[in-house]
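**Student:** I'd like to go over a predicted model; first the sequence, then the structure.
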Amino acid sequence: NANLIGPIVLLQLVSPGARVFVNDFTLSQNMRTGAPGFGDIVVSLHAAAFNQVWRRYGIPRCNGAAIPVAKRIDFQGGYERAISSLLFALSGANFILLHGGISSELTHHPVQAILDDDLAGMVGRFLEGITINDETLAIELIEQVGPIPGHFLNREHTRKWWQREQFVPRSADRLTYPEWINTGKKGCLDYARQRMDEILATHRPTPLTPGQEEDVERILEEARQYYKEKGLISDEEMATYRKSMESPNYPYG
């Protein structure tokens, strides 16, 4: 706490009213390897305590460890990021680093980012809670419909409110079993890959200028050479990087 409070106080003395937020990136340690414990439940526990303390201070909070140790897009990665994201949100985080990170955020995959978008939507819907008012209670409508065989599916109120109350993931398998069989037995990874292909084929971001492209490549090349000279990247790894960059699918190859 002191490491964060001190700089904030100094900043406010120099520039009163300057906007700040604090980030909790505290990780446990794998006691077998010494590696940081991304995805560890105690990391979420620490973040929850951090959020509660800084919420009392009235300062916005960021949590930066909703990233799994899992090396691929799999069940382990799913539960690690889902549990941490929900706990971060429920304990008062204003900003959560989430989308696309894999293997302790050493790499990134666009398919994972698409799956994480559904996860973020589900967490966001949970935080919205339940709306209780005269319209949502719909007491008069309940009295009109009455007991079975009455139903609400043909009512305007249902058509309006189900879309507000439910969250429908874009990459989840929500089919009936016969539908699933007849459409190729697809899972969430298949739907996410399909959505990735659609986005890459149709989305047109504002391109960087040629000068900006050159600056980015220059910075990346300087970093590669620096790590190579320090012995942190082997010749074999450098060759792999070069091959990847020469791929027509770069940076997604």
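**Tutor:** Done, it's in.

**Student:** hey, let's count contacts and neighbours off CA atoms from now on
**Tutor:** Fine.

**Student:** what stretches of this protein score poorly on pLDDT?
**Tutor:** Regions of the chain meeting the criterion pLDDT under 70 cover residues 65, 249-253.

**Student:** show me the domain layout of it.
**Tutor:** 1-129, 131-166, 206-253 (automatic domain parsing).

**Student:** dump those domains to CSV, plus distance to residue 191.
**Tutor:** Putting the domains of the chain into CSV (distance: least, Cα to Cα, whole Å) gives the following:
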stretch, distance to residue 191
domain 1-129, 9
domain 131-166, 20
domain 206-253, 17
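
**Student:** residue 181 is nearest to which of the ones you listed?
**Tutor:** Closest approach to residue 181 among the domains of the chain (Cα to Cα): domain 1-129, 22.0 Å.

**Student:** measure that closest one end to end?
**Tutor:** End-to-end span of domain 1-129 (Cα to Cα, to the nearest Å): 31 Å.

**Student:** repeat that for stretch 98-111.
**Tutor:** Start-to-end span of stretch 98-111 (Cα to Cα) is 13 Å.

**Student:** buried residues of it, list them for me.
**Tutor:** By neighbour count with 16 or more other Cα atoms under 10 Å, stretch 98-111 contains the buried residues 98-105, 108, 110-111.

**Student:** need the strands for the protein, in chain order.
**Tutor:** For the chain, applying DSSP state E gives strands covering 22-24, 61-63, 95-96, 101-102, 107-108.

**Student:** closest one to residue 198 among those?
**Tutor:** That would be strand 107-108 among the strands of the chain, by Cα to Cα, at 18.7 Å.

**Student:** partners of the closest one in the sheet?
**Tutor:** Strand pairing for strand 107-108, using DSSP bridges, gives strand 101-102 (antiparallel).

**Student:** list of residues touching the partner strand?
**Tutor:** When contacts are defined by Cα atoms under 8 Å, 6 or more residues apart in numbering, strand 101-102 is touched by residues 67-73, 77, 107-109, 112-113.

**Student:** change it to 6 Å
**Tutor:** With Cα atoms under 6 Å, 6 or more residues apart in numbering as the test, strand 101-102 has contacts from 67, 108.

**Student:** off-centre distance for it?
**Tutor:** Offset of strand 101-102 from its chain centre (Cα atoms, centre = their mean, to the nearest Å): 9 Å.

**Student:** swap in stretch 71-83?
**Tutor:** Centre-to-centre, stretch 71-83 and its host chain are 11 Å apart (Cα atoms, centre = their mean).

**Student:** now swap in stretch 151-160 and tell me
**Tutor:** Stretch 151-160 sits 33 Å away from the centroid of its parent chain (Cα atoms, centre = their mean).

**Student:** before we move on, what about stretch 64-84?
**Tutor:** The chain centroid and the centroid of stretch 64-84 are separated by 10 Å, computed with Cα atoms, centre = their mean.

**Student:** can you measure across that stretch, start residue to end residue?
**Tutor:** Using Cα to Cα, the end-to-end distance of stretch 64-84 comes to 10 Å.

**Student:** closest one to residue 194 among the domains of the chain?
**Tutor:** Of all the domains of the chain, domain 1-129 sits nearest to residue 194, with 9.0 Å by Cα to Cα.

**Student:** distance check, residue 247 against residue 152.
**Tutor:** 55 Å.
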